[in-house]
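Chemist: requesting a structural model of the entry that follows:
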Amino acid sequence: MLQWGMQIVAFVLAIFALPCLAQEADENQPFGNHYGYLFEVKEERNKRDLEMVMLAQPKAPPKPLTEVIFDQKLSKEFQQQYEYRFGQSQAEQVLNSQGRSDGYTYSTGQNVTIKEYQKNQQQFAEYMGRRLTEHHVDNWAKNDPEFRVVYEFKDKISNVNMDVRPGYKVKWKYNFAGPNMEVKVENPYKLDVKVRMEMSGIISSAKEMIYTLGYQITQKVR
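Modeler: Presented below is the predicted three-dimensional model:
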């Protein structure tokens, strides 16, 4: 009986001792002895880990040189000037251009010679060069405190606005690069009333008068 009782006591002690032995075995295990850790670090001895570097916000790409030289306002002005000189539409520009085929001239409605037409194109190119220079010099003078007074004086003598009567305003503009003058009448009827005078020199009589009378019916019909 005594032997049987001792066996029971030993069995009970063994049951209570198993968790302690398991905990002691876990404490004696090396660090990292579970899923996700490595037992061998030979492969990582020569490995170089770099921290993540957050890059700064990239700068906006610079504008193309053509957009810097020819802004939207200047491009629209050149297009309007070309239409004044060579035709308002592509069909009109074709009729106003000298036609040539195999060295022979054929009739396209043009009433000037090739040399005269080339001279007109050269004059337009010279105007573009003068206007381009004037535009960028104006921008520079406008933003320079020392030359801003000169720019304001030039702006005053080249742009005049007069109120004739209620609802009517006369706008006079002189373009030194042209040279040309333009008189526009604003009215309550929203009619486009304009007179343009093309000159051969800065101080000279008008060699060509362009009269404009228009009305905007829809967004596409004028």
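
Chemist: gap between residue 123 and residue 114?
Modeler: Residue 123 sits 15 Å away from residue 114, going by CB to CB, to the nearest Å. Backbone N, C-alpha and C define where each C-beta goes, glycine included.

Chemist: quick one, what contacts residue 156?
Modeler: By CB atoms under 8 Å, 6 or more residues apart in numbering, the contact list for residue 156 is empty.

Chemist: in the protein, which spans are helices?
Modeler: Per DSSP state H, the chain carries helices over the ranges 2-28, 65-69, 72-86, 90-95, 114-143, 148-158.

Chemist: which strands or helices does the second one pack on?
Modeler: Read it as helix 65-69. On a contact count with 3 or more CB pairs under 8 Å, 6 or more residues apart in numbering; DSSP states H and E, helix 65-69 meets no helix or strand.

Chemist: before we move on, what about the longest one?
Modeler: For helix 114-143, the helices and strands in contact under the criterion 3+ CB pairs under 8 Å, 6+ apart are helix 72-86, helix 148-158.

Chemist: and with 10 Å instead?
Modeler: helix 65-69, helix 72-86, helix 148-158, strand 168-175 (3 or more CB pairs under 10 Å, 6 or more residues apart in numbering; DSSP states H and E).

Chemist: reformat those as JSON lines; add distance to residue 134 and mean pLDDT.
Modeler: Compiled in JSON lines, the helices and strands packed on helix 114-143 are given as follows (distance: least, CB to CB, whole Å; pLDDT from 0 to 100):
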{"stretch": "helix 65-69", "distance to residue 134": "13", "mean pLDDT": "74"}
{"stretch": "helix 72-86", "distance to residue 134": "10", "mean pLDDT": "83"}
{"stretch": "helix 148-158", "distance to residue 134": "9", "mean pLDDT": "85"}
{"stretch": "strand 168-175", "distance to residue 134": "9", "mean pLDDT": "90"}
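
Chemist: switch those over to TSV; also include distance to residue 118.
Modeler: Formatted as TSV, the helices and strands packed on helix 114-143 follow (distance: least, CB to CB, whole Å):
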stretch	distance to residue 118
helix 65-69	25
helix 72-86	12
helix 148-158	30
strand 168-175	23
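
Chemist: hey, C-alpha coordinates of stretch 198-206 in PDB?
Modeler: Coordinates of each C-alpha in stretch 198-206 appear next as PDB, following Å, rounded to 0.1, in the frame of the first residue of the first chain:
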ATOM      1  CA  GLU A 198      -1.300 100.900 -90.900                       C
ATOM      2  CA  MET A 199       1.700 103.300 -91.300                       C
ATOM      3  CA  SER A 200       5.100 103.000 -92.900                       C
ATOM      4  CA  GLY A 201       6.900 104.900 -90.100                       C
ATOM      5  CA  ILE A 202       6.500 105.900 -86.500                       C
ATOM      6  CA  ILE A 203       5.400 109.400 -87.600                       C
ATOM      7  CA  SER A 204       3.800 109.100 -91.000                       C
ATOM      8  CA  SER A 205       0.400 109.200 -92.700                       C
ATOM      9  CA  ALA A 206      -1.700 106.000 -92.900                       C
END
